[in-house]
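In: sequence and computational prediction follow.
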Amino acid sequence: MAVERVGIVGSGIMGSGIAEVAAKAGLDVVLRSRAQSSADAMIAGLEKSLGRQVERGKLEEAERDAVLGRVRAVTDLAELADCDLVVESIIEDLAAKKHLFNELDRICRDDTILATNTSTLPVVEMAMETGRPDRVVGIHFFNPAPMMALVEVVRCITTSDATADSARSFAEECGKHAVLVRDQAGFIVNALLFPYLNNAVRLLDAGVASRDDIDAAMKGGCNFPMGPLELLDLVGLDTSLAILDALYAEFRDPNYAPAPLLRRMVSAERYGRKSRQGFYDYRK
Ligand SMILES: NC(=O)c1ccc[n+]([C@@H]2O[C@H](COP(=O)([O-])OP(=O)(O)OC[C@H]3O[C@@H](n4cnc5c(N)ncnc54)[C@H](O)[C@@H]3O)[C@@H](O)[C@H]2O)c1
């Protein structure tokens, strides 16, 4: 099915980024936030992001206006009824996502594809909350969505060929490279990335090296664009903890057991950039 109108649920880091990507690809976007203040903040953030691209000469002013014209921010989930595809990008919590899939199934057209941007959670459990498990799929973008080239298309046991094909075509229309992966915690990227990030927190906690030296070592020694602690702050420490908990629950591999310091930082509401405090301080 050709996707022309996309619904996005959740206006956090990822929901806003996916909205920008889809609107720039020429699709109509309906972005649902729970609160009007978040919907307004999302539009303001999009204006700022596109404005920066105009300043740098990467986007024409007319194109910026056209992209903004294609995004509608709403608070009522019922506004997504007529979308061809809905991508949910709410908190990484299985109970919340299952509840949402149940609601979307009731609200959306029978042929609407329902997708999740989950980083690790079982897509099949969301699919089974609906009466259309063949039309549920994972479409996993990376952070920041407008910049990162990859999308993982996550096919669960119930996903039909047609749904997986539509998800791949949507990702490609958004200018992304799509890889196909089975519904197993962490998919490809996070299954490989998170033991590394987790072990960086353990090194820090054990006093083996300082925050700055751990990050400098991985940038200088492996040519990574960011150090692991900087990257955790970008991803969000709450989201990172949820990812590790899900990986550990699935595999019981000690490499996935979240470092105690990570859990303590989340308890202290130090979520990284989004709360302006994490391994680094962003308050100045
Ligand atoms: N942060 C990343 O690097 C990254 C990358 C890829 C995928 N993801 C996935 O994207 C999803 C969103 O992550 P994010 O980084 O944008 O998080 P975020 O914390 O920035 O945003 C989460 C959004 O969910 C909303 N929310 C919270 N509880 C809710 C509920 N019960 N019902 C509806 N909405 C609720 C919040 O208001 C917020 O708008 C998660 O599934 C995450 O695993 C994150």
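Out: Right, received. Where do you want to start?
In: got a pLDDT number for M1?
Out: On pLDDT, M1 comes in at 75.
In: for this structure, what spans make up the helices?
Out: 13-24, 36-55, 61-69, 94-107, 123-127, 161-173, 189-205, 211-222, 228-235, 237-251, 260-267 (DSSP state H).
In: which helices and strands sit right next to the second one?
Out: Counting contacts by 3 or more Cβ pairs under 8 Å, 6 or more residues apart in numbering; DSSP states H and E, helix 36-55 packs against helix 13-24, strand 28-32, helix 61-69, strand 71-74. All C-beta spots, glycine's among them, are computed from the backbone N, C-alpha and C.
In: if we go to 6 Å?
Out: Packing contacts for helix 36-55, counted by 3 or more Cβ pairs under 6 Å, 6 or more residues apart in numbering; DSSP states H and E, involve helix 13-24, helix 61-69, strand 71-74.
In: need the helix or strand of this protein with the lowest average pLDDT.
Out: helix 36-55 (a mean of 93; mean pLDDT, DSSP states H and E).
In: touching that helix from outside, list them.
Out: S11, S16, E20, S33, L59, E61, R64, A73, T75 (Cβ atoms under 6 Å, 6 or more residues apart in numbering).
In: tell me which residues of that helix are tucked away?
Out: Judged by neighbour count (16 or more other Cβ atoms under 10 Å), helix 36-55 contains these buried residues: S38, A39, M42, I43, G45, L46, S49, L50, Q53.
In: tell me the one of those residues nearest the ligand?
Out: Nearest to the ligand, judged by Cβ to the nearest ligand atom, of the buried residues of helix 36-55 is S38 at 5.9 Å.
In: look up how far V136 lies from the closest one.
Out: Separation of S38 from V136 (Cβ to Cβ, to the nearest Å): 25 Å.
In: quick one, phi/psi of the residue in the stretch 1-150 of the chain that the ligand sits nearest to?
Out: For the stretch 1-150 of the chain, the residue closest to the ligand is G12, as judged by Cβ to the nearest ligand atom, at 1.8 Å. The phi/psi pair for G12 (degrees, to the nearest 10) reads phi -80, psi -150.
In: distance to P228 for the buried residues of helix 36-55 - can I get that in a markdown table?
Out: Listed next are the buried residues of helix 36-55 as a markdown table, based on distance: Cβ to Cβ, whole Å:
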| residue | distance to P228 |
| --- | --- |
| S38 | 30 |
| A39 | 34 |
| M42 | 29 |
| I43 | 33 |
| G45 | 26 |
| L46 | 29 |
| S49 | 26 |
| L50 | 31 |
| Q53 | 29 |
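In: keep only these that also lie close to the ligand.
Out: Subset of the buried residues of helix 36-55 in contact with the ligand: S38, counting by Cβ under 6 Å from any ligand atom.
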